[in-house]
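Peer 1: Compute the structure for the input listed below.
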Amino acid sequence: MKRTIHFTDNAQNDLFSIYDYIAMNDCESRADHIFSGLQRTCSGLDEMAGKGHVPPELEGRVRSDIRELRFEPYRVVYRVKKAKIDILAVFDGRRDARSLIEQRALRS
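Peer 2: Model prediction:
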């Protein structure tokens, strides 16, 4: 089933923040590479939404519609609905993500 992919404002801001950080602290070509990879990961969700897994921070919770895929070291957290996929967060997986995931996935 083909689903529409929707970026929440927070997730869109996450992508641009990652790009800006890498461009300032590494180089623009590296930022372009990461940004493109994250976009490909997100755009591929329409065909592989079930391929993701429940984020470890949410295991054991009732919600199973929240999933994640990785574009190492980044994590893309999304909600699967019948006709669309909401991208909730895109962030560096090396950081403590519990509060971010709980805030965006469970309260939205």
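Peer 1: Let's see the pLDDT reported for residue 106.
Peer 2: pLDDT recorded at residue 106 is 69.
Peer 1: Ramachandran coordinates for residue 79?
Peer 2: Backbone torsions of residue 79, given as degrees, to the nearest 10, read phi -110, psi 130.
Peer 1: actually residue 82, sorry about that
Peer 2: phi -60, psi -50.
Peer 1: tally of neighbours for it?
Peer 2: 6 (other C-beta atoms under 10 Å). Heads up, the C-betas are built off the backbone N, CA and C, glycines and all.
Peer 1: before we move on, what about residue 44?
Peer 2: Residue 44, neighbours per other C-beta under 10 Å, totals 13.
Peer 1: Tell me which residues touch it, please.
Peer 2: Contacts for residue 44 (C-beta atoms under 8 Å, 6 or more residues apart in numbering) come out as none.
Peer 1: And for the one 4 residues further on?
Peer 2: Applying C-beta under 8 Å, 6+ apart to residue 48 gives the contacts residue 69.
Peer 1: What's the separation between residue 42 and residue 60?
Peer 2: 26 Å (C-beta to C-beta, to the nearest Å).
Peer 1: Which of the three states applies to the residue nearest the centre of the chain?
Peer 2: With distances taken as C-alpha atoms, centre = their mean, the residue of the chain nearest its centroid is residue 76 (1.9 Å). Secondary structure state of residue 76, per DSSP: H, G, I helix; E, B strand; the rest coil, is strand.
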